[in-house]
Structure formats: structure tokens, C-alpha cells
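Q: Structure for this input, please:
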Amino acid sequence: MDDITPNTVALVTGGTAGIGLACAEALLRSGTRRIMIAGRTEARGLQAREMLSKRAPDADVRFVAADVMTPAGATLAAETCIGAFGRIDTLVSCAGGNPKPRLMHEIPIENISGIIASITSGVLLPVRAVLGHMMRDGRGSIICIASDAAKVATPGEVAIGAAMAAIVMFCRGLAIEAKRSHIRINCLTPSIVRDTPFYDELMADPFSARLFSKAERLASLGVVVPDDLAALVAFLAGPGASRLTGQTISVNGGISAA
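A: Numbers count the residues shown, from 1 in each chain. Prediction:
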């Protein structure tokens, strides 16, 4: 992939808050000057766009209201970005669902497939939506956000772990397919991430709070925050990672060596 230039275009799904917003900001700091952020809530999206534009006044930051957990929404996000900027060089796909951990026997059987689909769809569908455009251009970097539940078996995260493992294998397999088009696909897998809306939801839930409070005590290097992931996303999008693909990288402060 070429060096990051003012003409580089990034699409960040889930880009209106938390990890996605931090990733958009990190890409701006790294030199990307054309960014489309996608999210379901227009008010929050416009607020995020305004914040990013203030921090990088020379950048062209836009927002598209789209539910990328649906095929139509993922396609809308990709096509809107192409319509605005002509191409997509980087996709950060981090709009997976956020179900709270629950022991398997407590989850109604009719909810299992929906939990797995809600997690995977928001990450995988945007990848498929941009793939043809990147193949046409013969370049691209795709970074998906999953979690260490894909690698570490944890009580309460059976369904979640199955979905995260699906994202990881999707990225690995597609990396082999797409390398001939000079498209790189990598995946980041955090554990608990502070300073996000979902962190607050987890810690307000008694079962989740017990689970992740224990995990936090193992994070001897510090509990991860969105900027930790965002810095790695910016690297993976740039020329320093031009020969890095098909990798799944844990960012967890030492909670495990996943």
C-alpha cells in the first residue's frame, strides 16, 4: 500500500464513539485527511464529525447514518464513502454487537443465533461491502476489531467467543484470498477496554463486573483504553505494515498471552 497522504481515504464503522472514534482520530493524526465515519445515530455522528473536524481543520471528515449490521446499511456506508471520495484505502470495521456475558444455560435457546449474528454481522458485512472496490483499485488495508474471547475460553462468553472466533478466521481466510489484490486484512482482539460506553454497561451488570474486574487485576501493564487500539490501527493502515496480513493481535495489558 502507498504511504499515507492527504488523499488517503478511510471508512470507520462504529466511528461515532469509543474505539471507532479513537481510531478515526488516530488516522487523522497519522496523516489521513479524508475520513468517513459511520454510525446508526445521526445526532451522535454529527457530534463526532464536528469534534474530529475541530481537531484536524484541514481534513475532510464526513458522517453517514447507516446500520452496518445489515447488508443494506453496510453497502450504504461503502457506497457513500466511494461517492464522496472516489475510493476506500482503509476500512476499520468495529461495529459488532455488544451482548453482555451470560452463562450458556441461562441464555434462551432462541437467542443464541441472534447473539452470534449480531456480533459478526457488524464487522464482516462492511468488509464484504468494500472488498470489490479495493480489488478494483488493487490496494487496501482492512482492520477488524474482535476480542480475546476468540482465543481464551471464558465462562459466560461461550456464544460471544464463538462469534469472535468467526471474525478471526474470516480475517485470516480473506487475507489469503485478497493478497493477490494487494489488500491486507488484520484483526485486533482486546479484552476489556476502559473509557467506552460499553465498559460502563458491563460494569453496571453484576455478572460482567465480576468477570472483568478479575481480568483487570491481571492487566499488569495497565487496562487498555481506546487510544491503545487506535495507535495500532493507524500503524496497520500505514506503510510500516505493508507486508503484514492475516494476523490477529491481542491488546490486553497482559491479561493473557493470547
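Q: going forward, measure contacts between C-alpha atoms and count neighbours the same way
A: Will do.
Q: Residue most distant from the centroid, the chain?
A: His105 (29.2 Å; C-alpha atoms, centre = their mean).
Q: what are the ranges of the strands in the stretch 1-150 of the chain?
A: For the stretch 1-150 of the chain, applying DSSP state E, counting those that start in this stretch gives strands covering 9-13, 34-39, 60-65, 90-93, 140-145.
Q: which of the residues in stretch 71-88 are buried?
A: Neighbour-count burial for stretch 71-88 flags 71, 73-82, 85, 87-88 (criterion: 16 or more other C-alpha atoms under 10 Å).
Q: How about stretch 148-157?
A: If you call a residue buried by 16+ other C-alpha under 10 Å, then stretch 148-157 has these buried ones: 148-151, 156-157.
Q: Can I get it in CSV, CA atoms only?
A: This file holds the C-alpha atoms of stretch 148-157, laid out as CSV (Å, rounded to 0.1, in the frame of the first residue of the first chain):
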residue,chain,number,x,y,z
ASP,A,148,-9.8,-12.1,23.1
ALA,A,149,-12.9,-14.2,23.7
ALA,A,150,-11.9,-15.6,20.3
LYS,A,151,-8.8,-17.1,21.9
VAL,A,152,-9.4,-17.6,25.6
ALA,A,153,-12.3,-19.8,26.8
THR,A,154,-14.1,-17.9,29.4
PRO,A,155,-17.3,-18.8,31.4
GLY,A,156,-20.1,-16.5,30.3
GLU,A,157,-18.6,-15.9,26.8
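Q: So what touches it?
A: Residues from elsewhere that reach stretch 148-157 (C-alpha atoms under 8 Å, 6 or more residues apart in numbering): 101-104, 160-166, 168, 189-191, 250, 258.
Q: rerun that using 6 Å as the cut-off
A: Stretch 148-157 is contacted from outside by 101-103, 161, 164-165, 189-191, using C-alpha atoms under 6 Å, 6 or more residues apart in numbering.
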